[in-house]
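Visitor: Predicted model follows, preceded by the sequence.
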Amino acid sequence: MKQRRLLHFGAITLALLTGVASPANAKLPDAQLKNASKPGPGKLAGVVMDGTGTPQMGATVELLAEATGANIARELLTNTEGVFRGEKLSPGLYTVRVTLAGFLPTLEKHIRINPNVTTVVRVQMESMFASLEQLRRQPVNIPVEGDDWKWVLRSAAATRPVLEWMGDAQVMTADASVDRGVPRAPRARLEFTDGARHPGSGSNLVAAPATAFAYDQKLGGTNQVILAGQMSYDQEAPAGSIATVWLPTGSLGAGPHTALVLREAKLGPDGPTFRGVRIDQGGGMAIGDRAILSYGGEFVLVGLGAAASSIRPRTKLDVRVSDDWNATLIFTSLPSGPGPLEADGEANNMAAALNELDGFPTLLWRGGKPVLQKGWHEEVAADRKLGARGKLEVAAFHDDNRHVAIFGRGGDLPAGDYFQDYFSNGFAYDGGSSSSWGTRVALREKLDDDIELTTVYAFAGALAPGEDLNGVLRDILRTVPRHSLGASVSAKIPHARTKVEAGYKWVSGVAVSRVDMYGESLFQIDPYLHVGLRQPLPKFALGRWEAVADCDNLLAQGTVPVTSRDGRTNLIPAFRSFRGGLSVQF
């Protein structure tokens, strides 16, 4: 083991000595020697190993400047040899934080970076099993002072449980995601709501009073299971769904996950019963020290008289080109819900599990048989940091839709092709296929700690009625290019603690389908005016209570009257909908 450690340090030291011992500086002209003597940025190189001296690939290394007022933070990944490098670092003191699934996070403080010099560090990580063994054994003939018997077990930044030795064989479990004295993160959540997010299809949540719950349960170590469900109280169209999410590493986005979702809904007193099941599997892995591959997929099976199924893979490759530039390659199925679970790695796990309840693809009806909305999305994108709070992204993409979901209102329409909503005259319709190329430019800027602004421009194809209106609705729809411009703001009012999310997306012409559906899911900007409110309520009972309200297409814009052989309809890319109620977290 000692020979292996000496081998790694010998390789790094030899590279440094080779550069220092070079006699090239002896022949430099005076002007070059003068410039070379000026202080420049420093470098950091190191190796990450476990307790046995084995290099660890894919460890996340965070560099944090310790200087007061400095806003310097970098994130690196170790390669197959466990080595990481940081270039062009401002001189000063830094803290190095290393995290890896299955190991305790390791902190190395007060590492000095000198100008024109490479600083070499060695980081040894302890496994969680080793720390538990140390925790189990009490010290013999060694005085214990203060915090000497406190051990922190952390699997990822999002979920950080703590086991703290209290003496007399007592172990206390707490949550280290916040500092001592601050309440622990919620582990249960209840929502009492009315309304629907996406009316018009039996596969989505019905517009009715309902209760949703989520419960976060740890299974020991880093394993974590989240249970979520919702029940509707409408007597004429009862519905219910349940989701189970298993996180082996305890965090979304930091490791694999498996989700199972079941849903059943009665479509009217005498109507058929919708039954559906979704199985979602995903995760990620590091490739070298500059790339991360996120992968996943889901299998969907629904039944409504007849069965329909779909396999929906997704993959995403992020490559760090430099400290400021990143490149992304994406191949995925078109989104049908809030987005893949991997995208919620920084969000609350319970909120992500509740979103899974609404993740079924839109159910359509064609020729008297059920079909699911589906399509493919390919994209190449590049983003650049703008200072410490901004990011600019440019992307080119291709969408290939096979069953485009069209929503509208109308009556006396052919039942074999129009999926009628039981609660209203709304319907979901299979608009057929559509293929188009597009581009997108997005800017995100965090103005301060309470305000974030997002602006997105997209040019892509969308379905719109053609000039010939003699055929059925599907035959008269054509793919046309459209411009769209959207902006949203997320703010928190300091004294009232109200959280407001408001946005508007403008489309250049008539369109009955979404323009850049993937971009809408990625940046959470829906067509036309949408507003969301979260208002904390005074504490009057157990838990933290909030009043919630979400309004989509508040001004009911975008309606397109169309008369075809099927009848007269009003088509619209997004329904005006409202969903509100109360939320309590424990």
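Guide: On my side now, so go ahead.
Visitor: Identify each buried residue in stretch 272-291, please.
Guide: Within stretch 272-291, the residues scored as buried using 16 or more other CB atoms under 10 Å are 274, 276-278, 280-284, 286-287, 289-290. All C-beta spots, glycine's among them, are computed from the backbone N, C-alpha and C.
Visitor: Quick check: the farthest pair among those residues?
Guide: Distance extremes for the buried residues of stretch 272-291: the farthest pair is Phe274 and Asp289 at 47.5 Å, using CB to CB.
Visitor: picking up where we left off before, same list (the buried residues of stretch 272-291) but as a markdown table, adding distance to Gly305.
Guide: Shown next, in a markdown table, are these (distance: CB to CB, whole Å):
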| residue | distance to Gly305 |
| --- | --- |
| Phe274 | 10 |
| Gly276 | 13 |
| Val277 | 16 |
| Arg278 | 20 |
| Asp280 | 25 |
| Gln281 | 29 |
| Gly282 | 31 |
| Gly283 | 36 |
| Gly284 | 39 |
| Ala286 | 46 |
| Ile287 | 46 |
| Asp289 | 53 |
| Arg290 | 51 |
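Visitor: Least confident of those residues?
Guide: Scanning the buried residues of stretch 272-291 for pLDDT, the low point is Asp289. It has 77.
Visitor: so is it in a helix, a strand, or just coil?
Guide: When classified by DSSP: H, G, I helix; E, B strand; the rest coil, Asp289 comes out as coil.
Visitor: List the contacts of it.
Guide: By CB atoms under 8 Å, 6 or more residues apart in numbering, the contact set of Asp289 is 76-79, 83-85.
Visitor: and those as a markdown table, adding secondary structure, pLDDT and distance to Cys551?
Guide: As requested, these are exported to a markdown table (DSSP: H, G, I helix; E, B strand; the rest coil; pLDDT from 0 to 100; distance: CB to CB, whole Å):
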| residue | secondary structure | pLDDT | distance to Cys551 |
| --- | --- | --- | --- |
| Leu76 | strand | 88 | 43 |
| Leu77 | strand | 87 | 41 |
| Thr78 | coil | 89 | 46 |
| Asn79 | coil | 87 | 49 |
| Val83 | strand | 90 | 52 |
| Phe84 | strand | 90 | 47 |
| Arg85 | strand | 89 | 49 |
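Visitor: Most neighbours among the residues you listed, which one?
Guide: Greatest neighbour count in the contacts of Asp289, by other CB atoms under 10 Å, goes to Thr78: 26 neighbours.
Visitor: give the contact list for it.
Guide: 47-48, 55-59, 61, 84, 289.
Visitor: taking the residues you listed one by one, which sit in strands?
Guide: 47-48, 61, 84 (DSSP state E).
Visitor: Which entries within the residues you listed meet the buried criterion?
Guide: Counted by 16+ other CB under 10 Å, the ones in strands among the contacts of Thr78 give 47-48, 61, 84 as buried.
Visitor: Out of these, the closest to Glu126 would be?
Guide: Scanning those for proximity to Glu126, where the rule is CB to CB, the winner is Val48, at 12.0 Å.
Visitor: roughly how far apart are the closest one and Leu77?
Guide: 10 Å (CB to CB, to the nearest Å).
Visitor: in the stretch 201-350 of the chain, which spans are helices?
Guide: Chain-ordered helices for the stretch 201-350 of the chain, with DSSP state H, counting those that start in this stretch as the definition, fall at 349-356.
Visitor: how about the strands in it?
Guide: Per DSSP state E, counting those that start in this stretch, the stretch 201-350 of the chain carries strands over the ranges 210-218, 224-232, 239-247, 257-266, 273-287, 291-304, 306-320, 325-333.
Visitor: Adding distance to Pro465, write these out as TSV.
Guide: Below are those laid out as TSV (distance: least, CB to CB, whole Å):
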stretch	distance to Pro465
strand 210-218	36
strand 224-232	35
strand 239-247	33
strand 257-266	31
strand 273-287	30
strand 291-304	28
strand 306-320	27
strand 325-333	27
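Visitor: for this structure, what spans make up the helices?
Guide: Counting by DSSP state H, the chain has these helices, from start to end: 2-20, 30-36, 128-136, 349-356, 473-476, 517-523.
Visitor: just for the chain, where's the confidence low?
Guide: Where the chain drops to pLDDT under 70, the residues are 1-39, 68-72, 127-186, 196-206, 221, 251-254, 336-348.
Visitor: returning to that earlier point: just the contacts of Asp289 now: which is nearest Leu267?
Guide: Using CB to CB, the contacts of Asp289 come closest to Leu267 at Leu77, 49.4 Å.
Visitor: which non-adjacent residue is nearest the closest one?
Guide: Nearest non-adjacent residue to Leu77, counting by CB to CB, 6 or more residues apart in numbering: Asp289, 4.5 Å away.
Visitor: how much space between that neighbour and Phe84?
Guide: Asp289 sits 6 Å away from Phe84, going by CB to CB.
Visitor: got it, and Pro370?
Guide: 51 Å.
Visitor: ditto for Gly471
Guide: 62 Å.
Visitor: What of Pro561?
Guide: 61 Å.
Visitor: Do I have it right that Phe274 meets Ala265?
Guide: Yes. In this structure, Phe274 is within contact of Ala265 by CB atoms under 8 Å, at 4.6 Å.
Visitor: In this structure Leu443 contacts Gly390, no?
Guide: Yes. With contacts counted by CB under 8 Å, Leu443 reaches Gly390, the gap being 7.1 Å.
Visitor: Any idea what Met285 is bridged to?
Guide: Beta-bridge partners for Met285, by DSSP bridges, are Leu293.
Visitor: coming back round to it: quickly list what's touching both of Val48 and Leu77.
Guide: 59, 61, 84.
Visitor: Distance-wise, check the second one relative to Gly86.
Guide: Translated: Val61. Taken as CB to CB, the span from Val61 to Gly86 is 8 Å.
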